[in-house]
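In: give me a 3D structure for the following:
(chains A and B)
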Protein chains: 2
Amino acid sequence: MKLLLISNSTMPGEAYLDYPKQQIKKFLGEKPVKALFVPYAAVTFSFDEYEQKVNDRFAELGHSVAGIHHCKDPKKAVKEAEAIVVGGGNTWQLVRMLHDQGLMQLIREKVLDGIPYIGWSAGSNVACPTLRTTNDMPIIDPTSFNTTGLVPFQINPHYLDANPDGHAGETREQRINEFIEINPKTYVVGLREGTMLWLEDDQLELIGKLPARIFRKGLEPIELRAGDDFGFLLK
Amino acid sequence: MKLLLISNSTMPGEAYLDYPKQQIKKFLGEKPVKALFVPYAAVTFSFDEYEQKVNDRFAELGHSVAGIHHCKDPKKAVKEAEAIVVGGGNTWQLVRMLHDQGLMQLIREKVLDGIPYIGWSAGSNVACPTLRTTNDMPIIDPTSFNTTGLVPFQINPHYLDANPDGHAGETREQRINEFIEINPKTYVVGLREGTMLWLEDDQLELIGKLPARIFRKGLEPIELRAGDDFGFLLK
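Out: Below you'll find the model as predicted:
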């Protein structure tokens, strides 16, 4: 299995998908790949626009994407995909559309078969067992909270340490502590912006300058950096 | 109908429920009230602790609360309540427990009958038609997204304007714009910390120093202050 799970598309002040592009290139390889792109997390802009934005960046890498929204038979498109790319946006709409179209299990099967999967933000959320560690507003009922379960742990993308000054709402850590309180057997990886996880077979690596913060009920949160062993998350 | 819908329990650096206490006192009146308290949004601390924390503040006001978690028959407790107080915490667990115990519709009926309702944060969310504008992490499937619908609009409590510096995740405004995109007929009130809505019969008022930010599909967001007319939200 081959997964590239990216925290966020874009760092402030940079171009879209700029910071992870060298990793995407390395992950997809030298031979040009035309990946199936799932733009369903886009809510306030069109799927066509989203596809174009991603293609602009992928073209620089010698690759391209084709949006699944053009396909009359989305299931067939997944079955025939040579790679699957799931973009960020609103996790709830993304999960709803994947369930409505019967694609969740199909994507899982294809990726377990060896088709490379790239996701960022909401696209990383759906690689987890459920959407329960999304940051997004639940604008639509997803019909089921279950996602692909390609990894056995949960990712919290865009992980951040502090609230803006003077804000009294829960911090991200408090929110994740609530999650582990009632889901005590599940690890949560707080994946800070500018970082990503690369899973290949049984090898799980963190890429990026910042550490990931790992949570599990009964453990003090652990900070692990690129080069550290993340294998325990797969057990 | 009489509702006091508070953005947040506590301002940074202040004691729990301190800033809204004078309004709570005014709302409940001079005669001592023993309100039914719903502590189900508490996840990382006990319902007893939560009840105690609220009672400490209510005692200063000459009122008290009794936690519904002590009641063998929670439905009966709602039916006999002289006021209902729903505390903040995790909206998802709160909504799940209210559905599991069959209380959502009962609370609605009691409050429509004239029993005063006070909620803060998650407790304000459940006064709305659905939980779709919560900020909380969806740590548990609520079984239904529907809530009491005591008001016809959505509240986003703890509304804040900006992300921490250098954070690329969606701002609150972007999240709400996603909500109105697919829920185009619903108003959303971004209720900033330190503010609250007081609804009495057909009179809806904002209390607090900061304006509320009102969103609806097709409208530029509107900033309205205490003293402005909020009546259009009830139509």
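
In: please make it C-alpha for all contacts and neighbour counts, starting now.
Out: Noted.

In: any idea how far B:Phe230 is from the residue nearest in space to the middle of chain A?
Out: With distances taken as C-alpha atoms, centre = their mean, A:Ser124 lies nearest the centre of chain A, 1.1 Å away. For A:Ser124, the distance to B:Phe230 equals 40 Å [C-alpha to C-alpha, to the nearest Å].

In: again with A:Lys2
Out: 53 Å.

In: more neighbours: which of these two?
Out: Using other C-alpha atoms under 10 Å in any protein chain shown as the criterion, A:Lys2 and B:Phe230 rank with A:Lys2 on top: 23 against 17.

In: measure that one to A:Tyr117 for me?
Out: 6 Å.

In: show me what whichever helix in chain A runs longest packs onto, helices and strands only.
Out: Looking across chain A with DSSP state H, the single longest helix is helix A:47-60. Counting contacts by 3 or more C-alpha pairs under 8 Å, 6 or more residues apart in numbering or on different chains; DSSP states H and E, helix A:47-60 packs against strand A:64-67.

In: now the helix or strand immediately after the strand it packs on in the chain: mean pLDDT?
Out: Along the chain past strand A:64-67, the next helix or strand (assigned with DSSP states H and E) turns out to be helix A:74-80. Helix A:74-80 carries an average pLDDT of 98.

In: restrict helix A:74-80 to CA atoms and write it as CSV.
Out: Output of helix A:74-80 as CSV, limited to C-alpha atoms (Å, rounded to 0.1, in the frame of the first residue of the first chain):
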residue,chain,number,x,y,z
PRO,A,74,-17.6,7.0,-11.0
LYS,A,75,-17.2,3.4,-9.8
LYS,A,76,-15.7,2.4,-13.0
ALA,A,77,-13.4,5.4,-12.9
VAL,A,78,-12.1,4.3,-9.4
LYS,A,79,-11.7,0.7,-10.6
GLU,A,80,-9.6,1.9,-13.6
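
In: burial check on A:Gly13, number of neighbours?
Out: The number of residues packed near A:Gly13 is 8, by other C-alpha under 10 Å.

In: A:Leu106 now?
Out: As a measure of burial, A:Leu106 has 16 neighbours, counting by other C-alpha under 10 Å.

In: secondary structure element for it?
Out: Assigned by DSSP H and E, A:Leu106 falls in helix A:104-112.

In: could you give the mean pLDDT of that helix?
Out: Mean pLDDT, taken over the full extent of helix A:104-112, equals 98.

In: list the buried residues of it.
Out: Residues A:104, A:106-112 are the ones in helix A:104-112 that count as buried (16 or more other C-alpha atoms under 10 Å in any protein chain shown).

In: kindly report the residues of chain A close to chain B.
Out: Within chain A, the positions near chain B by C-alpha under 8 Å from any C-alpha of the partner chain are A:8, A:10-12, A:43-44, A:90, A:131-141, A:145, A:158, A:160, A:162-169, A:175-179, A:181-183, A:193.

In: any of those residues buried? List them.
Out: Of the residues of chain A next to chain B, these count as buried by 16+ other C-alpha under 10 Å: A:8, A:10-11, A:43-44, A:90, A:131-141, A:145, A:158, A:160, A:167-169, A:175-179, A:181, A:183, A:193.

In: joint contacts of A:Lys2 and A:Tyr117?
Out: A:Val111 (C-alpha atoms under 8 Å, 6 or more residues apart in numbering or on different chains).

In: which stretches in chain A count as strands?
Out: A:2-6, A:34-38, A:64-67, A:84-86, A:117-120, A:154-159, A:188-192, A:196-200, A:203-207, A:212-215, A:222-224 (DSSP state E).

In: now the last one: mean pLDDT?
Out: Averaging pLDDT along strand A:222-224 gives 98.

In: packing partners of it?
Out: strand A:212-215.

In: the strand it packs on: which residues count as buried?
Out: In strand A:212-215, counting by 16+ other C-alpha under 10 Å, buried: A:212-215.

In: adjacent strands (with direction) for it?
Out: Taking DSSP bridges as the criterion, strand A:212-215 forms sheet pairs with strand A:188-192 (antiparallel), strand A:222-224 (antiparallel).

In: and it, how far out from the chain middle?
Out: The chain centroid and the centroid of strand A:212-215 are separated by 16 Å, computed with C-alpha atoms, centre = their mean, to the nearest Å.

In: likewise for stretch A:66-83?
Out: Average the C-alpha atoms of stretch A:66-83, do the same for its chain, and the two points are 19 Å apart (C-alpha atoms, centre = their mean).

In: how far away is A:Lys21 from B:Lys26?
Out: Here A:Lys21 is placed at a distance of 58 Å from B:Lys26 (C-alpha to C-alpha).

In: who has more neighbours out of the two?
Out: A direct count of neighbours by other C-alpha under 10 Å for A:Lys21 and B:Lys26 places A:Lys21 higher, at 16 against 10.

In: and the more buried one, how close does it get to chain B?
Out: Noted for A:Lys21: a distance of 17 Å to chain B, by C-alpha to the nearest C-alpha, to the nearest Å.

In: A:Gln52: which of the buried residues of helix A:104-112 is nearest?
Out: Closest to A:Gln52 out of those is A:Ile107 (22.4 Å), distances taken as C-alpha to C-alpha.

In: looking at it, that closest one is touching A:Val78, isn't it?
Out: Yes: counting by C-alpha atoms under 8 Å, A:Ile107 does reach A:Val78; the two are 6.5 Å apart.

In: not counting residues beside it along the chain, what's closest to the residue of chain A positioned farthest from its centre?
Out: Ranked by distance from the centre of chain A (C-alpha atoms, centre = their mean), the top residue is A:Gly166, with 30.5 Å. Leaving out its chain neighbours, the residue that sits closest to A:Gly166 by C-alpha to C-alpha, 6 or more residues apart in numbering or on different chains is B:Pro12, at 6.0 Å.

In: now do the contacts for the residue nearest to A:Gln105 when sequence neighbours are not counted.
Out: Spatially, and ignoring its direct neighbours in sequence, A:Gln105 is nearest to A:Thr148 (6.4 Å; C-alpha to C-alpha, 6+ apart). Counting by C-alpha under 8 Å, 6+ apart, A:Thr148 makes contact with A:104-105, A:107-108, A:126-130.

In: of these, which pair is most distant in space?
Out: A:Ile107 and A:Thr130, at 14.4 Å, using C-alpha to C-alpha across the contacts of A:Thr148.
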